[in-house]
Each structure stands twice: as C-alpha cells, then as structure tokens.
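J.: based on what follows, work out the 3D shape:
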Amino acid sequence: MQHTTPDANTADLYGRAVATITGSLAKSMKLDPDTIGEDSRLFDELGLDSTTVLELLMTIEEELEMEFDTDILEQHHFRTVGTLATFVQEQAAEQADAQAGA
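T.: Next up is the predicted model:
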C-alpha cells in the first residue's frame, strides 16, 4: 500500500473546516463566532436542525471546494464542530487519494 503525504490543501483543512463551520453557524444561527469552538455541540448547544445542517453542508462544500458523499454522513459526525471538521478532513483526504490513484 502506497502512503501519500497530504498536500498543503488537506494538511491545513481541519483548521479551515473549523473556521468555515464556525462562520457559517454564527451567520445562520445569529451567534457570536467567538462563542463557538471545536467542542461546541452542534445540536445540543447551538440548536442545529435539519435545515441548518443542509445549509452548513452546502457552505462547506462551496467554500472548501469539495463534495460530500451524503450517504455516509451519520449523526456522530455532527456531535461537535470538531467531529464535523474531522469528517471534512477525512473526506478531502479520501478524495485526494482517489484522484491520485486515477
């Protein structure tokens, strides 16, 4: 199995994903972005709902120029800002690996 080093785009993607998620939530939920952190619970603390989830995913896809396979999204991906950012980073790495192997 060939190991590939993540490029700069995926290496800093976690931080970019956190910033994108935080900014999007602050805007759509009318919250102060400084009150949203990696450990903020999306549904319990921030009041995320199904409509906001769709808006959030579209914003992430647009701003980070990627697409999600929504069939693999599960509730645990939306536990916190950090768990969603990790999912975004993993998806980007998988897409980069798939493109490298194509």
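
J.: got any ranges where this structure has weak pLDDT?
T.: Across the chain, the ranges flagged by pLDDT under 70 are 1-11, 102.

J.: may I see the buried residues of stretch 73-81?
T.: 77-78, 80-81 (16 or more other Cβ atoms under 10 Å). For glycine as for every other residue, the C-beta is placed from the backbone atoms N, C-alpha and C.

J.: shouldn't residue 83 be in contact with residue 77?
T.: Yes: with contact defined as Cβ atoms under 8 Å, residue 83 reaches residue 77; the gap is 5.9 Å.

J.: all helices of the protein, in order?
T.: Secondary structure of the chain, counting by DSSP state H: helices at 8-11, 13-29, 50-64, 81-101.

J.: nearest to residue 41, out of those helices?
T.: helix 81-101 (8.6 Å; Cβ to Cβ).

J.: how about the closest one, which residues are buried there?
T.: 81-89, 91-93, 96.

J.: now, the most widely separated pair of those?
T.: So, the buried residues of helix 81-101 by Cβ to Cβ: farthest apart are 81 and 96, at 22.5 Å.

J.: related to what we said a few turns ago, closest one to residue 38 among the helices of the chain?
T.: helix 81-101 (3.8 Å).

J.: next, the angle from the closest one to helix 50-64.
T.: With axes from the mean of the first three to the mean of the last three Cα atoms, to 10 degrees applied, the angle from helix 81-101 to helix 50-64 works out at 50 degrees.

J.: counting contacts, what elements does helix 81-101 pack onto?
T.: Helix 81-101 sits against helix 8-11, helix 13-29, helix 50-64, with contacts defined as 3 or more Cβ pairs under 8 Å, 6 or more residues apart in numbering; DSSP states H and E.

J.: deepest-packed of those, please.
T.: Each of the helices and strands packed on helix 81-101 was scored by mean neighbour count; the highest is helix 13-29, a mean of 18, by mean count of other Cβ atoms under 10 Å.
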